[in-house]
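Chemist: task: produce atomic coordinates for the following.
(chains A and B)
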There are 2 protein chains.
Amino acid sequence: MGPGATPEAIERDAPTTPDALAELLGADLAAVDVIIHERLSSSVALIPDLAAYLIDAGGKRVRPMITLAAANALGGATNGTRMLAAAVEFIHTATLLHDDVVDESVLRRGKKSAHKIWGNAASVLVGDFLFARSFTLMVDAGDLAVLSVLADASSTIAEGEVLQLSSTNDASTSLDHYMRIISAKTAALFAAAARVGAMSTKCTPAEADAFEAYGKNLGLAFQLVDDALDYGGASAVMGKTAGDDFREGKITLPVILARETGDEEERAFWRRVMGGGEHRPADFEHAVAILRKRNAITRTIDFARVYANAARDALSAMPDTAWRNALVDLVDFVVDRAH
Amino acid sequence: MGPGATPEAIERDAPTTPDALAELLGADLAAVDVIIHERLSSSVALIPDLAAYLIDAGGKRVRPMITLAAANALGGATNGTRMLAAAVEFIHTATLLHDDVVDESVLRRGKKSAHKIWGNAASVLVGDFLFARSFTLMVDAGDLAVLSVLADASSTIAEGEVLQLSSTNDASTSLDHYMRIISAKTAALFAAAARVGAMSTKCTPAEADAFEAYGKNLGLAFQLVDDALDYGGASAVMGKTAGDDFREGKITLPVILARETGDEEERAFWRRVMGGGEHRPADFEHAVAILRKRNAITRTIDFARVYANAARDALSAMPDTAWRNALVDLVDFVVDRAH
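Modeler: I've put the predicted structure just below:
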């Protein structure tokens, strides 16, 4: 915890770094950070100020690490790989800025959200700037096939966000619909990050597919664990920012699973509290109690484990290198966050 | 005026089409419309619904027409040109959606703004989708150099919008600062639209530069006329949506010119009304009266004419074709809107 941070300012998924991978990637990761800060530059001071506030707030750089590690596992990251890793982080940061406007979030990475300091308008526009700059980075990396993967991922992310928005406060959201949302809004960028890392080397189509499958399944596991953590995860200790999804009426897997196996009284509760009306003081506590009674959080983490295993399996045919092993460790890190 | 349109629903710059150019471009323009609607498709119904609401609301397609005409003037539009024209319109539409959120606009193209119907969140996310799809279109057009031009234009637009945002309610905004804003937020996309149209043919670097200069100067003239129209333009009849800039505290050239030559009482008035405080009922009327007294609207249109002439001159060395002449006529159309 930094000197200025208050306990309220600790976000559930920010502090821990997947250290083994970060250490292996030391020089590459430092180079990506240099590229990121170079490409943030603008004569309009508000842009680097706002963007750096978020980018330097202690994000884990999971997505660019995946891009770099995939390339290294297949022969070595190039300068092109590093530019793509920066582009991936820019896309991610742009979506965070826009998400916080969409969700009216107060905190992000343990700090006050950018739009709470600079306003919604600035967050929307700086997000647009980062998104545009990500494409300039991709152009400089110089491969149209790679650009196509990241452009498609970007529109898929937007589709996932719109789908989630359309499903807000719909307590009857199905498991399939939820999986469709998180495949698009979260897993698509993980999948693209891994695929373009592989593509930045002279890899075979099968290798590119394997890394894409790794990223996609890791992304699904990551989102499922996030959704479990929003209700406290497997531990009895509630994270300081738990309850965001609940307050925003976002229907996630824990609620879907609990509702399926719940009784009529519980289903009425879910309809009321997820349906967009006023919340009563004890509602969140009661929600967590029902989720625990129905083992919904545990079962959500079990789902995450299934995808985590698929992510590991996707790399099983890859050469046995320190890079591959670090990527496998990253899967463990993602799932272990649940505890 | 369509059967359902009320007089209030007529926007100042929507109804007239630069007919000569549109007629010349008939088949190409129809093909671009087909591409636009194909690329809007998404299994998430809200996306094509919201995007088509705005795209089909009677925009003039000025930017894609410039792309198509530039290519035709240099030998012929290809399918790649048409995809780039659609990409340009997608970028423009994405910025409109985000602008309306930023400005809290109520009307756009004579209809209720999308964010007033579907909400800010949907407008932000569908804008992101269109922006991402524009890059997929550029990838399909297959030229990295062209992609680079449009990616740079996109980040420049965002910079211009942020710069404008930072200058809102700053009554001391200088002429230079204002020109910097409109060069970025408006002229950059006109310039890129023309340049990529040229680049989609086998043109020389000098030809690409000439079309870029055409687009840039046309864009500046376009924005200056728009800003004059927001205070009624050269005619005494006020457009139905005049006063947007005034209400939003956007400092535009008419106000800058009037303030420069105004007396102390007038400068105090501009500080009060543009500074973000409450407006009194007669403020807008009084503002227009001062602008007329100081010839500020006429002088703004004179500035537009200077840029319009530069746009015409930029094409003077181009082959004397119907396309070139139609592009020159487009310049007249843009300036004539002021009357």
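
Chemist: okay, CA-based contacts and neighbour counts for the rest of this
Modeler: Will do.

Chemist: can you list the strands that the lowest-mean-pLDDT helix or strand in chain A pairs with?
Modeler: Lowest by mean pLDDT, DSSP states H and E among the helices and strands of chain A is strand A:107-108, with a mean of 78. Partners of strand A:107-108 in the sheet, by DSSP bridges, are strand A:111-112 (antiparallel).

Chemist: quick one: distance of the partner strand to the chain centre.
Modeler: How far strand A:111-112 lies from its chain's middle: 18 Å, per CA atoms, centre = their mean, to the nearest Å.

Chemist: please work out the average pLDDT along it.
Modeler: Averaging pLDDT along strand A:111-112 yields 83.

Chemist: quick one: name whatever helix or strand follows it.
Modeler: Going down the chain from strand A:111-112, the next helix or strand is helix A:114-118, by DSSP states H and E.

Chemist: just checking, what packs against whichever strand or helix holds A:Ala213?
Modeler: Taking DSSP H and E as the definition, one finds A:Ala213 inside helix A:205-229. Counting contacts by 3 or more CA pairs under 8 Å, 6 or more residues apart in numbering or on different chains; DSSP states H and E, helix A:205-229 is packed against helix A:188-199, helix A:253-261, helix A:296-314, helix A:322-336.

Chemist: quick one: closest of those helices to B:Leu229.
Modeler: helix A:188-199 (43.8 Å; CA to CA).

Chemist: list the buried residues of that closest one.
Modeler: A:188-199 (16 or more other CA atoms under 10 Å in any protein chain shown).

Chemist: and for A:Thr204, the neighbour number?
Modeler: Here the count is done by other CA atoms under 10 Å in any protein chain shown, and A:Thr204 has 12 residues near it.

Chemist: who in chain A is up against chain B?
Modeler: Listed as neighbours of chain B in chain A under the rule CA under 8 Å from any CA of the partner chain: A:42, A:44, A:46-47, A:98, A:101-103, A:120-122, A:124-126, A:128-133, A:135-136, A:139, A:142, A:144, A:147-148, A:151-152, A:154-156, A:158-159, A:161-163, A:165.

Chemist: so what touches stretch A:164-178?
Modeler: A:181, A:248-253, A:256, A:270-271, A:274-276, B:121-122 (CA atoms under 8 Å, 6 or more residues apart in numbering or on different chains).

Chemist: secondary structure class for A:Gly75?
Modeler: coil (DSSP: H, G, I helix; E, B strand; the rest coil).

Chemist: alpha carbons of stretch A:226-234, as CSV, please.
Modeler: Extracted in CSV, the C-alpha atoms of stretch A:226-234 (Å, rounded to 0.1, in the frame of the first residue of the first chain):
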residue,chain,number,x,y,z
ASP,A,226,-13.6,-11.5,-11.1
ASP,A,227,-17.3,-12.1,-11.0
ALA,A,228,-16.9,-14.5,-8.0
LEU,A,229,-14.7,-11.9,-6.2
ASP,A,230,-17.4,-9.3,-6.6
TYR,A,231,-19.3,-11.4,-4.1
GLY,A,232,-16.3,-12.1,-1.9
GLY,A,233,-14.8,-15.0,-3.7
ALA,A,234,-14.0,-18.2,-1.9
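
Chemist: so how far is it from its chain's centroid?
Modeler: 14 Å.

Chemist: average pLDDT for it?
Modeler: 91.

Chemist: so for the residue of the stretch 201-339 of chain A found nearest chain B, what's the nearest residue that isn't a sequence neighbour?
Modeler: Of the residues in the stretch 201-339 of chain A, the one nearest chain B is A:Glu248, at a distance of 13.1 Å by CA to the nearest CA. Closest residue in space to A:Glu248, ignoring its immediate chain neighbours: A:Asp103 at 7.1 Å, by CA to CA, 6 or more residues apart in numbering or on different chains.

Chemist: distance check, that neighbour against B:Arg272.
Modeler: Here A:Asp103 is placed at a distance of 35 Å from B:Arg272 (CA to CA, to the nearest Å).

Chemist: now do stretch A:293-307: everything it contacts.
Modeler: A:217-218, A:220-222, A:224-225, A:228, A:231, A:233-234, A:253-255, A:257-258, A:261-262, A:291-292, A:335, A:338.

Chemist: with stretch A:90-106 instead?
Modeler: A:36, A:51, A:54-55, A:108, A:112-116, A:120, A:123-124, A:126-128, A:130-131, A:133-134, A:154, A:189, A:248, B:120-121, B:124-125.

Chemist: buried subset of those?
Modeler: A:36, A:51, A:54-55, A:108, A:113-115, A:120, A:123-124, A:126-128, A:130-131, A:133-134, A:154, A:189, A:248, B:120-121, B:124-125.

Chemist: now, those that are in strands?
Modeler: Using DSSP state E, the members of the buried ones among the contacts of stretch A:90-106 that fall within strands are A:Arg108.

Chemist: picking up where we left off before, in the helix holding A:Ala213, what counts as buried?
Modeler: For helix A:205-229, by 16+ other CA under 10 Å, it's A:207-229.

Chemist: and for stretch A:74-84?
Modeler: Going by neighbour count (16+ other CA under 10 Å), the buried part of stretch A:74-84 is A:74, A:76-78, A:80-84.

Chemist: repeat for stretch A:157-176
Modeler: A:157-165, A:167-175.

Chemist: that stretch: end-to-end distance?
Modeler: Stretch A:157-176 has an end-to-end distance of 17 Å (criterion: CA to CA).

Chemist: repeat for stretch A:54-64
Modeler: Stretch A:54-64: ends 16 Å apart by CA to CA.

Chemist: and the closest residue in space to A:Ile66 that isn't next to it in sequence, what's its pLDDT?
Modeler: Spatial nearest neighbour of A:Ile66, excluding adjacent residues (CA to CA, 6+ apart): A:Ala194 at 5.6 Å. For A:Ala194, the model assigns a pLDDT of 98.

Chemist: now do the one 5 residues further on
Modeler: Listed pLDDT for A:Met199 reads 98.

Chemist: just list the residues touching it, thanks.
Modeler: A:71, A:146, A:208.

Chemist: so A:Ile36 touches A:Ala86, yeah?
Modeler: Yes: counting by CA atoms under 8 Å, A:Ile36 does reach A:Ala86; the two are 5.7 Å apart.

Chemist: quick one on the thing from earlier: give me the buried entries from the contacts of stretch A:164-178.
Modeler: Looks like those have A:181, A:248-253, A:256, A:270-271, A:274-276, B:121-122 buried, using 16+ other CA under 10 Å.

Chemist: show me the shaky parts of chain A.
Modeler: Applying pLDDT under 70 to chain A picks out residues A:1-17, A:236-241.

Chemist: center of it - which residue?
Modeler: Closest residue to the average C-alpha location of chain A: A:Thr186 at 5.5 Å, with CA atoms, centre = their mean.

Chemist: now it: closest residue in space that isn't a chain neighbour?
Modeler: Nearest to A:Thr186 is A:Gly219, by CA to CA, 6+ apart, at 6.0 Å.

Chemist: show me what contacts A:Val288?
Modeler: A:231-232.

Chemist: secondary structure element for it?
Modeler: helix A:283-293.

Chemist: the closest residue to A:Val335 other than its chain neighbours and A:Phe284, how far apart?
Modeler: Closest residue to A:Val335 apart from its sequence neighbours, by CA to CA, 6+ apart: A:Val225 at 6.5 Å. According to CA to CA, A:Val225 and A:Phe284 sit 19 Å apart.

Chemist: equivalent analysis for A:Leu220, please.
Modeler: A:Leu220 is 25 Å from A:Phe284, by CA to CA.
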